[in-house]
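Q: Here is a sequence together with a model predicted from it:
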4 protein chains.
Amino acid sequence: MPISKDFFALVAGAGAGTGRSIALRFAKLYPTVVLARRRESFEGIVNEIKAAGGTALGIVADVNDPAAVRAAFGAIKNEIPNSKLAAAVYNVNGGFAMKPFLDLKPEDLEASLDGTVRAGFTYAQHCLPLLLESVSDAPHPPSLIITGATASLKASANFASFAAGKFALRALSQSLAREFGPRGVHIAHVIIDGLIDTPRAREFVGKDQAMISPDSIAESYWYLHTQDLSAFTQELDLRPCSEKF
Amino acid sequence: MPISKDFFALVAGAGAGTGRSIALRFAKLYPTVVLARRRESFEGIVNEIKAAGGTALGIVADVNDPAAVRAAFGAIKNEIPNSKLAAAVYNVNGGFAMKPFLDLKPEDLEASLDGTVRAGFTYAQHCLPLLLESVSDAPHPPSLIITGATASLKASANFASFAAGKFALRALSQSLAREFGPRGVHIAHVIIDGLIDTPRAREFVGKDQAMISPDSIAESYWYLHTQDLSAFTQELDLRPCSEKF
Amino acid sequence: MPISKDFFALVAGAGAGTGRSIALRFAKLYPTVVLARRRESFEGIVNEIKAAGGTALGIVADVNDPAAVRAAFGAIKNEIPNSKLAAAVYNVNGGFAMKPFLDLKPEDLEASLDGTVRAGFTYAQHCLPLLLESVSDAPHPPSLIITGATASLKASANFASFAAGKFALRALSQSLAREFGPRGVHIAHVIIDGLIDTPRAREFVGKDQAMISPDSIAESYWYLHTQDLSAFTQELDLRPCSEKF
Amino acid sequence: MPISKDFFALVAGAGAGTGRSIALRFAKLYPTVVLARRRESFEGIVNEIKAAGGTALGIVADVNDPAAVRAAFGAIKNEIPNSKLAAAVYNVNGGFAMKPFLDLKPEDLEASLDGTVRAGFTYAQHCLPLLLESVSDAPHPPSLIITGATASLKASANFASFAAGKFALRALSQSLAREFGPRGVHIAHVIIDGLIDTPRAREFVGKDQAMISPDSIAESYWYLHTQDLSAFTQELDLRPCSEKF
């Protein structure tokens, strides 16, 4: 399929692992906009997409800053005024703290809520009006796909703040699915139940640890995006075949 | 059993319905401290407890204000310096908004997080050191019991902000159960799956609507508190027998 | 409270551990009928109840044999024709096999289904008409309380047949709760998430293993039975405070 | 991709709706064997596959009859002795009864267990040794994909027998996933949460009812089959965008 002239994809949280793979995958069909806090996070991705014959645009934006998100959507509107949003991915991590509860600071909780439900809320409020506008003519049902984790379903000891944010983001995704599904927008939540195979994580855990390939995650996001209106998935899990769960 | 001289109970969120019934129930064994934002919310409860031969102390504190919570725990220490915490109840509501997602404001989300996971976090950080001190000699395993709702498990359309807070609070309760259970403190989460029969709610829905009796909720909290170390319940649901679920 | 003259309790699966404790607990208020496959399983229980001033009746019946269950209910009718059923407990174990799936025989699956959903089905079909007759005047909402396990919620490797039965029994309990709750009968399911402290199990695992006290389980069943119509619990979990979950 | 010469797919429960679509989808890559109770159920499917340039084999077998299943696997071995099993689908329905519990017969429960967990058990015992043999060289991780329903997760009033079977089948799928995932075989369970758009169902509910397209279900099964070892999904849900859930 040739790259769409009328629709674009948007990926928030485009770092070295999942975000990059998702952006590359969606860029096979759509011009793709990537948001990241730092230019270095997306420059390589933008170049890779272009090298592969795609179209890409990187925008510096801290999704935890509502003004920055507003500015980013304004910039998108300016840069590609005639393109409509086909798919938005929210792949941002909340602040991670693995600590005994009595060692946690209120800032740890806020950092977790920031990158999960709070920024997710802001992002969804900007994306959904654009996705609704695309319902009538997009190649696939307009989609908002949200990255979750093991901690979205299970709050382990020493993960109180981290799980709080992930649970809350899952609530957001569920509620949006029930509200916007009937209007033709697909909201899906993906439980990444395992470590993601990024260079940094690989270095950390060693070469024998089973990890989830970011490209495989990206394929699952793409599959979710291509589901038709008759068969939406709200939630799926992904883990290495060898993972205990 | 005579009222304890050595241990007290603490109820945050002592309003007209559940909080009142819980305070009255726990006051049968423990001197009971009630926290509420406004004096009017607890005055009647304190009087009822005293009239029934119990001991009660009301403290004005907005649990959403960390400084006020700190001050409240300081006041407790001053007022009853030789009494140890046997049971703490967190029965606070987050801000409630039932609105289409695109009508929600960031303040709606914050208000929901405030009264749920954020104030719950502050409260738990104050209670848990005190509960740990009581493990060796309290009449029942020291307990922190947290009030949840239908929206703790299911995020319906138009409940995005409300459910986000409730999901997050549930995560907090789960993580704390896994961390503090092995140290002898019982953390339980109660899914209140229905309307609570308060005068105001009753007026609103009419006399034929099945509603949950606050006294019945209080019995369930008391039962949870009395569970021994060999058989802790982490979560239970409560609903009128006629409730669809 | 004096022992009821008008209502009785019924416990299926009255062995050395949980069944015994439940029977003793319910016998404080109700004359109690215990069913077990072998007379030796209930003789001691019947004697203990009588020694404590209660009333008890033991009936030999294999709940996996529908004719035997029918006969048992006939015998109850003959023995105590004027007594109505206040509470029924289903505390039977399905056949347990912990084996690699390819080593399981069809008989393993059948044995698991037998003692769980199949016998539970038979038992519930006999109990429910009697429980419905008691709705109008029983001291507490007539109850059917069903024993589940960790494997009711999670099917681990090598537990395929065992979990199949437990999942199915949980389905039965949920469906019955939704059908009979509105008619005033309380159906509850208890997830026993840990080992039960019976003499045999204790010998097996050693004295330091945290285990669930059968008496504590019995208290939880009693609590569930005493819940009023406004606040039914459908499911609760029980585990030692130190249990990982 | 040309049709595989070395591997085949197997679909149990190949009727007019989902089974047909799945068989057609898998037949794009694999020669496909379809099992059904009656020749009429698969004749059309076999012809369609052949007409599309694929290879298909229909075998009459009642999966509820272990001897018939054994015979069917023997027949497969005879017919295509050099072909290995790449993917097996279990898409069989248990007996369906929607009745008040006290109107159910033991046969209703057995009929539900038959087509779900009992036949699923038999089928899995035949498939898994073959799937294990394919791990080293199959084009995709050998897969066993199992069809579930709304009632796999929620047992509604009047669905006691139906849900019992579906819950049990879900337990089987979970346990197998945990046992065989680490050995390289992918076990997935699909929650079909809505009506499937077959001619008969369409006639029944009218043209405006949102229903799930069997072809969309088939795409999801194919996607699951193509997941690599680093990212297996154990469970996903499928429903029309407009479905309340």
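A: Right, received. Where do you want to start? Residues are numbered from 1 along each chain as shown, chains lettered A, B, ... in the order given.
Q: Please make it C-alpha for all contacts and neighbour counts, starting now.
A: Will do.
Q: What about contact with chain D: does the one helix or strand in chain A whose mean pLDDT sits lowest have any residue there?
A: When the helices and strands of chain A are scored by mean pLDDT, DSSP states H and E, helix A:199-205 comes last with a mean of 88. No - Helix A:199-205 does not reach chain D (C-alpha under 8 Å from any C-alpha of the partner chain); its nearest approach is 13.7 Å.
Q: okay, the angle between the next helix or strand after that helix and helix D:214-226?
A: Counting by DSSP states H and E, the element after helix A:199-205 in chain order, helix or strand, is helix A:214-226. On the basis of axes from the mean of the first three to the mean of the last three C-alpha atoms, to 10 degrees, helix A:214-226 is oriented at 180 degrees to helix D:214-226.
Q: so where do the helices sit in chain A?
A: For chain A, applying DSSP state H gives helices covering A:18-26, A:39-51, A:66-79, A:106-113, A:119-134, A:160-180, A:199-205, A:214-226.
Q: Nearest to chain C, out of those?
A: helix A:160-180 (15.0 Å; C-alpha to the nearest C-alpha).
Q: Run through the neighbouring helices and strands of the closest one.
A: helix A:106-113, strand A:143-149, strand A:186-192, helix B:160-180 (3 or more C-alpha pairs under 8 Å, 6 or more residues apart in numbering or on different chains; DSSP states H and E).
Q: Could you count how many residues lie near residue A:52?
A: 12 (other C-alpha atoms under 10 Å in any protein chain shown).
Q: That one and chain C: what is the separation?
A: Using C-alpha to the nearest C-alpha, to the nearest Å, residue A:52 is found at 44 Å from chain C.
Q: Could I get the pLDDT score of that residue?
A: Residue A:52 is assigned a pLDDT of 96 by the prediction.
Q: what do you get for residue A:14?
A: pLDDT at residue A:14 comes out at 81.
Q: Next one: it relative to chain B, how far apart?
A: Counting by C-alpha to the nearest C-alpha, the gap from residue A:14 to chain B is 24 Å.
Q: pretty sure that residue contacts residue A:39?
A: No - shown here, residue A:14 and residue A:39 do not form a contact pair, counting by C-alpha atoms under 8 Å, at 10.2 Å.
Q: ok, those two, which is more surrounded?
A: residue A:14 (28 against 13).
Q: Contacts only, for that one.
A: A:20, A:23, A:34, A:35, A:36, A:41, A:42, A:91 (C-alpha atoms under 8 Å, 6 or more residues apart in numbering or on different chains).
Q: hang on, the earlier thing: okay, the least confident helix or strand of chain A in PDB with CA atoms only?
A: Only the C-alpha atoms of helix A:199-205 are listed here, as PDB (Å, rounded to 0.1, in the frame of the first residue of the first chain):
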ATOM      1  CA  PRO A 199      19.900  -2.300  24.100                       C
ATOM      2  CA  ARG A 200      20.000  -0.900  27.600                       C
ATOM      3  CA  ALA A 201      17.800  -3.500  29.100                       C
ATOM      4  CA  ARG A 202      19.700  -6.200  27.400                       C
ATOM      5  CA  GLU A 203      23.000  -5.000  28.800                       C
ATOM      6  CA  PHE A 204      21.400  -5.000  32.200                       C
ATOM      7  CA  VAL A 205      19.900  -8.500  32.300                       C
END
